[in-house]
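> Dropping a prediction and its sequence here:
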Amino acid sequence: MNKRFFSTLLLSLFAAICIMQADSARGNTGVILHTNKIISVSVDSAATRALVIGIINTVIKSSGSFDISAVSDLYAPNAVVADEEPPFSWNGPTAGAQWVSTIEKSCKDLKLRDLRGKIGRVSVYLQTDESVYVVVPVDYTGEIKGEPFDEDGAFTFIFRKVSDKWLIKSQVWTTRKGM
């Protein structure tokens, strides 16, 4: 029994090394051990990370400037956006534009002025060849009837590569008080 176990272990280790070498030759250098299976993933590239963070910055800026056109082509055909503003979720390629429009309406209803989002330090960023998962802390500030407004929380984004373009698959806002 022990001999069979060690043989299997050595064979698995050899397979893992072969996978890592093959991935390394293709420019992929990450390996994850998950439920006793070795799964090869590519490590994020600086270019992809910069592109994704740039898209996120556009989304955050648009939520304060209500620039629907800036987000019009950033969402996947099956995108889902979730937020604390009714109706709480928007779907499809126009989910981002619908969300920005809802934020604008909420700001008008609340008389919230000068809404600005500031991105904090991103500490969760995971990437494969076709997906990115990123958690982005954001502090929103503004003014309601002359009083300071401040709400912090985090967006969780999932990006998918669609026709060689990174698009938002899902975007979920959670306030700090909701965590």
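In hand now; what should we look at? Numbers count the residues shown, from 1 in each chain.
> Residue 55 is in contact with residue 73, isn't it?
No: the pair residue 55 / residue 73 is not scored as a contact, 10.3 Å apart, by CB atoms under 8 Å. For the C-beta atoms, the positions are set from N, CA and C on the backbone; glycine is no exception.
> Which one's more surrounded, those two?
Applying other CB atoms under 10 Å to residue 55 and residue 73 shows that residue 55 carries more neighbours, namely 19 against 11.
> Packing partners of the longest strand belonging to the chain?
In the chain, ranked by residue count with DSSP state E as the criterion, the top strand is strand 147-162. Under the contact definition 3 or more CB pairs under 8 Å, 6 or more residues apart in numbering; DSSP states H and E, strand 147-162 sits against helix 46-65, strand 75-82, strand 131-144, strand 165-175.
> so which of these comes closest to residue 117?
Closest of the helices and strands packed on strand 147-162 to residue 117 is helix 46-65, at 4.1 Å (criterion: CB to CB).
> Let's see that closest one as PDB, backbone CA atoms only.
This file holds the C-alpha atoms of helix 46-65, laid out as PDB (Å, rounded to 0.1, in the frame of the first residue of the first chain):
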ATOM      1  CA  ALA A  46       1.200  43.600 -16.300                       C
ATOM      2  CA  ALA A  47      -0.500  44.700 -19.500                       C
ATOM      3  CA  THR A  48      -3.800  42.900 -18.700                       C
ATOM      4  CA  ARG A  49      -3.800  44.100 -15.100                       C
ATOM      5  CA  ALA A  50      -3.300  47.700 -16.300                       C
ATOM      6  CA  LEU A  51      -6.100  47.300 -18.900                       C
ATOM      7  CA  VAL A  52      -8.500  45.800 -16.300                       C
ATOM      8  CA  ILE A  53      -7.700  48.500 -13.700                       C
ATOM      9  CA  GLY A  54      -8.200  51.100 -16.400                       C
ATOM     10  CA  ILE A  55     -11.700  49.800 -17.200                       C
ATOM     11  CA  ILE A  56     -12.500  49.800 -13.400                       C
ATOM     12  CA  ASN A  57     -11.300  53.400 -13.100                       C
ATOM     13  CA  THR A  58     -13.600  54.300 -16.000                       C
ATOM     14  CA  VAL A  59     -16.600  52.600 -14.300                       C
ATOM     15  CA  ILE A  60     -15.900  54.300 -11.000                       C
ATOM     16  CA  LYS A  61     -15.400  57.700 -12.600                       C
ATOM     17  CA  SER A  62     -18.600  57.200 -14.700                       C
ATOM     18  CA  SER A  63     -20.600  56.500 -11.600                       C
ATOM     19  CA  GLY A  64     -19.900  60.100 -10.400                       C
ATOM     20  CA  SER A  65     -20.000  61.900 -13.800                       C
END
